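**Student:** Provided below for reference: sequence and predicted model.
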Amino acid sequence: MSKKVLGRGLGAYFQEVEGSSSPQYHAISSVEELEKLDTREKVNIILHIPVNSIRANPFQPRMDFDEIKLQELAESIKVHGLIQPITARHVGQNRYELISGERRLRACKMAGIDTIPAYIREVNDEDVIAMALVENVQREQLNPIETALGYQRLIEECELTQEVVAQRVGKNRTTVTNMLRLLNLPPFIQSALQKNQISIGHARALISIENLRVQEQLLNKIIENDWSVRQVEQAVKQVSLKGKKSTKVLSKKDQKDLELLQLSNQLKNKLSTKVQIRRKAQGGEIKIEYYSDEELDRLLGIFDSMA
């Protein structure tokens, strides 16, 4: 498959996500009919495929799905049908892999829908990651940490530079760099960012503080006192001016927390799902989430390949 073909497919997808002026779309009944068309014709084709023939996107950047909103979407689909098709790729005899639209797919399953309309794209893994990331970012469905992890996957798994990642997702390089820096934050700040307790501006201001205890104190003040980003920047400046050694030395516990954070991020990237690591008095636990039987099978397949 040539790079030129992949480029056209990806560009067409971006138009779908952005809601550009609508071309004429046509529905067909089988993948055999689809294969007879050239790449340009396939762009505007919708194929109705069985819901149970679609496996989850292993590169899905989104880790949290609101069950209440999913149920609301399922009820809406029961009444009005699915308005926006999903996007998938053909991976074998009557089998497909989701590229984007996981909320819609899950809601259709909840609604008891047997078939779902889909755009079928001929793309490689690199473009699948980019497509899923672009859709979620443009629809503002990812929290900042999920976005940063998506960028990191493009860099590590597809061996792309930050510059190329920026081009793929339609952002400037500075934005990508700043998002990636968020992954250097300790777990409690990442968690606050994911829960929308603080903004990206707050989090970026805390990055320069090297002592976890000071970071945690400032985070609590931000949440409790509803500090603005400017107030946080001033507080960080005051801490820096004091020049205390405590702001430059990590305790053994802090070092272990950072190691757990790095390990957690590695597992998230490897498994493409939400992973939590908790330390206990003796040992600890690792919590790995999955959202369907198909996703459980995918995870078990990954574990088998590691054996």
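**Tutor:** Okay, I see it. Residues are numbered from 1 along each chain as shown.
**Student:** Can you give me the pLDDT of N225?
**Tutor:** The confidence metric pLDDT takes the value 90 at N225.
**Student:** What number of residues are in the vicinity of it?
**Tutor:** Neighbour count of N225, defined by other Cβ atoms under 10 Å: 9. Just so you know, the C-beta spots here come from the backbone N, C-alpha and C atoms, and that holds for glycine as well.
**Student:** same check, this time on Y119
**Tutor:** 23.
**Student:** Correct me if wrong: it contacts I49.
**Tutor:** No: judged on Cβ atoms under 8 Å, Y119 makes no contact with I49 at a distance of 10.7 Å.
**Student:** Could I have the CA atoms of the strand or helix carrying L218 written out in CSV?
**Tutor:** Element membership of L218 [criterion: DSSP states H and E] is helix 212-225. Extracted in CSV, the C-alpha atoms of helix 212-225 (Å, rounded to 0.1, in the frame of the first residue of the first chain):
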residue,chain,number,x,y,z
LEU,A,212,6.7,16.4,45.6
ARG,A,213,5.7,17.6,49.1
VAL,A,214,5.7,21.3,47.9
GLN,A,215,3.8,20.3,44.8
GLU,A,216,1.2,18.6,46.8
GLN,A,217,0.8,21.6,49.2
LEU,A,218,0.4,24.0,46.3
LEU,A,219,-2.1,21.7,44.6
ASN,A,220,-4.2,21.6,47.7
LYS,A,221,-4.2,25.4,47.9
ILE,A,222,-5.2,25.7,44.2
ILE,A,223,-8.2,23.4,44.8
GLU,A,224,-9.2,24.8,48.2
ASN,A,225,-8.8,28.5,47.3
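**Student:** Got phi/psi on T175?
**Tutor:** With angles defined as degrees, to the nearest 10, T175 sits at phi -60, psi -40.
**Student:** Tell me, how many residues neighbour it?
**Tutor:** Residues near T175, counting by other Cβ under 10 Å, number 15.
**Student:** I'd like the secondary structure assignment at the nearest residue in space to it that is not next to it in sequence, please.
**Tutor:** Nearest non-adjacent residue to T175, counting by Cβ to Cβ, 6 or more residues apart in numbering: A166, 7.1 Å away. Secondary structure, DSSP: H, G, I helix; E, B strand; the rest coil: A166 is helix.
**Student:** rewinding a little: give me the common contacts of Y119 and I49.
**Tutor:** Common neighbours of Y119 and I49, using Cβ atoms under 8 Å, 6 or more residues apart in numbering, are A88.
**Student:** so how far is V123 from E157?
**Tutor:** 15 Å (Cβ to Cβ, to the nearest Å).
**Student:** For those two, indicate the residue with more neighbours.
**Tutor:** Legend: neighbour count by other Cβ under 10 Å for E157 and V123, higher for V123 (21 against 14).
**Student:** my guess is that one contacts H90, does it?
**Tutor:** No: V123 lies out of contact with H90 (Cβ under 8 Å); the separation is 10.6 Å.
**Student:** hey, what's in contact with both of those two?
**Tutor:** Counting by Cβ under 8 Å, 6+ apart, V123 and H90 have no shared contacts at all.
**Student:** Low-confidence stretches in the stretch 101-250 of the chain?
**Tutor:** 136-141, 242-250 (pLDDT under 70).
**Student:** Mind doing that once more with 80?
**Tutor:** Scanning the stretch 101-250 of the chain for pLDDT under 80 picks out 126-127, 129-142, 153-154, 157-158, 168-169, 240-250.
**Student:** For it, just list every one of the strands.
**Tutor:** Remark: strands assigned in the stretch 101-250 of the chain by DSSP state E, counting those that start in this stretch are 115-120.
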